[in-house]
Structures are given as C-alpha cells and as structure tokens.
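In: Provided below for reference: sequence and predicted model.
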Amino acid sequence: MHLMPEQFDLKSEPISVHGSDGRTILSLPALFVPQGSLAAIKGPSGAGKSTFLYTLAGLMSDVRGKLYWGGMEILRLSEGKRANFRAANIGLVFQDFHLFEELGPLENASVSAHFRPAPDRTAIRDRAQHYLIKLGIDPTSRTVASFSGGERQRVAIARALASDAPILLADEPTASLDRVSANHLIEDLVALARESGKTFIAVSHDQTLIDHMDRVFTISDGVLSDDWSAQ
Amino acid sequence: MTDLWLSLPALVQDLLWTILLIAPGLLIGSLTLRGYASWPLAKAILWRFRGTICIFVLLIAVSVGLGIALSAQERALRQGTAQAADKFDLIVAAPGSELTAMFAAVYLQPSDMGLLSGQVFNEIASHEKVAFAAPLAFGDSFGNAAVVGTTSDFVSYLADGTIEGRLWATSQEAVLGALVPLDIGDEFEPAHGEGEASEEDAHDGHHITVVGRMAPTGTPWDRAILAPIEAVWEIHGLANGHKIEAGDQIGAPFDAELFPGTPAIVVHPKELWASYALKSEFTRDSQTMAFFPGSVLSNLYTIMGDIRQAMSFMAFVTQMLVVASILLGLFIISRLFQRQIALLRAIGSPTRFIFAVVWTFGATLLLAGAALGIGFGLAFAALLSSIISERTDILVVASLGWSEIHFVAGFVSLALLLNLAPAVKSTSVSIINNLRG
C-alpha cells in the first residue's frame, strides 16, 4: 500500500462533508495541491478548518465527492484500507495531542510500532527518538503525565514524524507553544518538509507559520472563501 | 476411543482435561494477539484505571475463590470423615439408625441407643473370623473430652500401637487422646453426661489416673479419654463384666451374665473379606445391626454429592453472573478509553489491533482475578477447614485438586471467549467524535 512520495499530489473534485443529521458542514471546490507543497488552512473558530483537515486524512464518515492522494481515491476505500493508507502515508498531529498519559515520550512517539510489522518497529522507534531529541524532549522520561502543553505538543509531532509518512497533516501544531518554541518548531517542520519533499498541511491561526506556507486556504462558514498561492 | 481414554492414567486424563478446557481461551488469545504488541498499550490503560481495575479483579477473585473453596472443602470433608472412619471396619449395634450408630461410635456424637448384651458380645468376640471386638460405652465426660469405655485392644489398634506412657492395667487408669488437656500422671473424676447437661459431681470419689496418651489420629478420638469399660460400668454402680473370682481382670473375655450392656461393638476381622460374612451374620432382625461405616458414609456422600452438584451449579451460575457483570463493566470501562482507541484508529491502527488491545485489557483482568481467586479459594477453604476441624475434631485439610484446576481452566476459557464482545464493540467507536471529545 505504501506509494512513492512523488505520487502524492492532492487532487479533489468538489467535496461536501455532512454531519450525522445530513446537514452540509463543509463544501469545497475542486482542489489541486502538488506533492511537497506547504499549505495552511485558516479561518475563524467553527468554520470547518479541522473538518477540512480530517477529510483530507480520510477520517470523516459522510463525505461526498472524490478525493485523491496520488492515484488513490481514498473516499472509496474501506475503513480498514483507509487505516492502512494513513498508517503508511499520513502523519497526523492533533490539537489535543491525544497521548497515552502512562507511557513515556518515546513509547508515545513510537506508538504505531505496536501495530506495524516487526521489521518496521525498530526504524519507527529510532525515528521517534531522533525527532524527540531534535524537538528538545528527553526520550527517557518515564511518563508524559507531568509534561507541559508545549512538551506534549512536541511529543505528538514526533509521533507524526516517526512513521516517515510523505504527508503531514497538523491541527494547530503551535497552539500550545510559547513564541520562541513555536518559531523553532515552525523552522524545523518547514525545513524537514522541504528537505524530504513532504506535503505539509496545517490548520493554524499562527501567522508566523502561515507566512512560511506556499498556499493558504481560508475557510469561512464551511466553504472555501479564499485560496491564496505564493506563485 | 472410550477404552483408550479409560486406559490412560488418572493424571494424564486430568492433564488432558485441563488442556482441553483451557485450549479455547489460549486459541482465542493467540489468534487475537498474533503479530501485534498490544500489551504495552493495554498496560498503560490498565494503569490509568487502576482503582476501578482493582475492584473488578477482586470481584472476579472472590467469585472464583468461592467456587474453589466450595469444591475443595467438600472433598476435604469427605476425605476427613472417611479417614476418621478408617479404623472402624464393622460396627455392630442394636437395631436402629446406622447413621446414628455411626455418628456415636466413629465421631463420638452419642445419642440414645439400645444396648447389646454380653451374650452377643461374647459371640462376636469369640468368632473365628474376628481378630478382636471392642465394646464402646459412652455417656461420661471430663471437661470437653468424652470418656469412652472400651478395651485395650481397641486403644492399641486406634493408635497404631503408638502410645506415650502405657496402656491401662487397672480399672482406675485411662489413656488420653492426643489433644486432651491433661498430662500423664494427672487424676480426674468423670462427670455424668456430656456438655452443658453433664453432672460434675455424679461420680464423686471415682478417681481415674492418666497413664498414657495416644498419638494423634486426626479424628474426634483425639479429644476423648479412653478408659477400661469396666471403669465406666463401675462408676455407674453396675457389674464390671467379671466374676469376683476373676480378680482384677481387665478386658475380654467377659461374663455374659455380668455384662451390663454396650451400645456399640467395633469389630476388626482377621481378613478383610471376612467382613462381609460377619456383617451378614450379625445383621439379625430385632437383635443386632451390623454395618460398614464406609458404606454409610458412601450413602451420605451420595446425598452430599447431589447437594454439591446443586451448590456447584449455583456457584457456576453466580460466577457467570459475575462474568456478565464484569463484561458489562468492561463495556463501561472501554468507553473511558475511547479517545485512545480513536487516536489509534486515526493514526492507522488496523481494527484487529484495537480488538487485541481491548481484549488484552479484559483478559488481564480475568486472568489476574482467576489467579488471585485460586489464592482466595485456598484461603477460604483453609479457614473453613480449621473451623470444621475445631468443631468436629475431624482433621479436614483442603487442598487444590484437579476439580478446582478444571473449574478455573473452564472459567478462564469461557470468560476469555466472552471477552471478545467488548473487544468487538470497541472497534466501532466514532473516531472524529472522540478525537474532538
């Protein structure tokens, strides 16, 4: 299922996302985001930014339209195949971190190793350790229970990076960081994405992060109100 | 196939049964966990909810423990009562209830019984197939110890010849059971009757000196004082079974005319096979009743067995209710960690891995509860045994047997199977709702 990075252009036909009551909560026109792009999604709270991001990850259940990552139309995949696709190709950072409080930073960052084939596990752990150190987290800490919001955020980012996925989707990755830490993280993430050719799409209110992006989508009231591109 | 099974040694049969019972659980576990490392995440979740988890584990442990205790205790009671009756090959008594006569003769729980005459006793004692016959006379006591009149042959036989001190030589001497709180050389005056109704002063002036102590037998006889039957007759003002010309003779033969009567006679045959002939010979309408305590116990065990089956069924139903409660609890607890499950699914975990984590979580509770339950069961059984031993003086020692191992294996297997339900349920959590929760 692991596709080559150069195949990971994002292409979609018009998409609508519906809530459990059938109401349309997000409506998007056809989009094209080339592999290796850095894009921000911004907009007021409740506008549908996170829904947009989760839709790109194949996490929303009632989505109508077509959405391709490379040649893969992910909305047509079964739940299990979508999970496989995410495991191999998408690194996700959530706004609320979603860490296992009782595990240490290294176990959290390498959590996907538990369900990946045995040969991949060591590589995932090694990468998790590498990114934790790079992000200033001591991998040997016993648990993350006493970690600050900023430390948790960095563990969550290391977890997303540890799978070495060609696509990185992040929901407010700098929200819990102080300005100095946020700036460092932005520089690291942007550099990493550019060096490795990853597609990096982040929901953010952080203007510093937005300023680094090639493309900015603005969402208002569930529709794409602006699509800015640096080129 | 049946022949092959029956030809196997009991140990092999028990082992195979255990494997057969536990196999479904192991199979489910190996299929569920194959290829995944679910334990670290299950452990993290267990630790997170450790308070609630402890209560669940204790509930399972108590449930399993009660089942084990019931089974082990019932077996120990059977073994203890059977062992206590070992020395009583054949008992002859006046016609009536075999159970009453057995409780009186073997377990020293006397009640009103008819008396056998000296003629009957002599006929039995002099029978060519009888090694010895001993009369038993109950009804007196000292403190909590029953004073039983009998012959020295019976004392030697009961103690397997292991007596500290010596056997009695006169009708003013006695031998103690191992647990009687008197010492060799002490003197005592028996009271008439037993328990609270005993008359302390009824036999004033009749001093009996302790000259020996039997080795422990693990039976109610350990708390009895054994005295020559002549002493019991004499302190009641009766003839002592011997003519004056016999002088200080103690024990058989007795003069039938001067034999005041005995409620029971213990018969030890020369050969085991002779017991059946003797039983038949001394079972006479309106005169004597002969029975094997082992047979009476066997009948009693049959009744107890029915009760045991009913209790076992009740215990099983109770355990299944507990398992159902545990499963309900697992459903509820699994809702507490839906966010973690949603996270795992979001980052691409296969459904089977989620299933494995939740199943491991539940299986850990069940296995820990079952293991702790074995300890609880043995502790409950030991407590019950000590209470029963204290109250009956029958040595009851409960231990873990194959029945209990089979019970635990079956329980674990079934519980692991049922544990699939919350695991299946957990795979259908809403990812988005829980990530945003």
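Out: Now that the structure is in, tell me what you want to look at.

In: all contacts plus neighbour counts: C-alpha atoms, from now on.
Out: Fine.

In: count the residues that sit near the closest residue to residue A:186 other than its chain neighbours.
Out: Using CA to CA, 6 or more residues apart in numbering or on different chains and skipping the chain neighbours, the partner closest in space to residue A:186 is residue A:209 (6.1 Å). Look at residue A:209: counted by other CA atoms under 10 Å in any protein chain shown, it has 23 neighbours.

In: same check on the one 10 residues further on?
Out: Around residue A:219 there are 24 other residues, counting by other CA under 10 Å.

In: same question, residue B:112
Out: 11.

In: helices of chain A, residue ranges please.
Out: A:49-56, A:79-89, A:105-109, A:118-134, A:149-162, A:179-196, A:207-211 (DSSP state H).

In: which one of those lies nearest to residue B:417?
Out: Of all the helices of chain A, helix A:79-89 sits nearest to residue B:417, with 24.0 Å by CA to CA.

In: on that earlier part again, highest mean neighbour count out of the helices of chain A?
Out: When the helices of chain A are scored by mean count of other CA atoms under 10 Å in any protein chain shown, the highest mean neighbour count falls to helix A:105-109 (a mean of 29).

In: and that one, what other elements does it pack with?
Out: helix A:118-134, helix A:149-162 (3 or more CA pairs under 8 Å, 6 or more residues apart in numbering or on different chains; DSSP states H and E).

In: need the ones you listed in a markdown table (columns: distance to residue B:309).
Out: Output for these, formatted as a markdown table (distance: least, CA to CA, whole Å):
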| stretch | distance to residue B:309 |
| --- | --- |
| helix A:118-134 | 50 |
| helix A:149-162 | 56 |
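
In: got those as CSV, with distance to residue B:334 and mean pLDDT columns?
Out: Converted to CSV, the helices and strands packed on helix A:105-109 look like this (distance: least, CA to CA, whole Å; pLDDT from 0 to 100):
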stretch, distance to residue B:334, mean pLDDT
helix A:118-134, 27, 92
helix A:149-162, 23, 92
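
In: among those helices, which comes closest to residue B:384?
Out: helix A:118-134 (51.4 Å).

In: how many residues are close by the closest residue to chain A within the stretch 151-300 of chain B?
Out: Across the stretch 151-300 of chain B, the shortest distance to chain A (CA to the nearest CA) belongs to residue B:218, at 54.2 Å. The number of residues packed near residue B:218 is 19, by other CA under 10 Å.

In: quick check, it in a strand?
Out: No. Counting by DSSP: H, G, I helix; E, B strand; the rest coil, residue B:218 falls outside a strand, being coil.

In: thinking it is in contact with residue B:394, fair?
Out: Yes. Here residue B:218 reaches residue B:394: they are 5.7 Å apart, a contact under CA atoms under 8 Å.

In: determine the residues that are contacts of both of the two.
Out: residue B:84 (CA atoms under 8 Å, 6 or more residues apart in numbering or on different chains).

In: residue contacts, the residue lying closest to residue A:16 once chain neighbours are set aside?
Out: Nearest non-adjacent residue to residue A:16, counting by CA to CA, 6+ apart: residue A:27, 4.4 Å away. Taking CA under 8 Å, 6+ apart as the criterion, residue A:27 is in contact with A:14-17, A:222-224.

In: ok, and what's touching stretch B:368-381?
Out: B:56-70, B:72-73, B:398-400, B:408, B:412.

In: on that earlier part again, name the nearest residue to the residue of the stretch 151-300 of chain B closest to chain A, ignoring sequence neighbours.
Out: residue B:395 (4.6 Å).

In: tally up the residues packed near the one you found, please.
Out: Neighbours of residue B:395 using other CA under 10 Å come to 23.

In: so where is the chain shaky, pLDDT-wise?
Out: In the absence of a named chain, chain A is used. Applying pLDDT under 70 to chain A flags the ranges A:1-6, A:231.

In: oops, wrong one, chain B.
Out: B:195-200, B:202-203, B:246, B:437.
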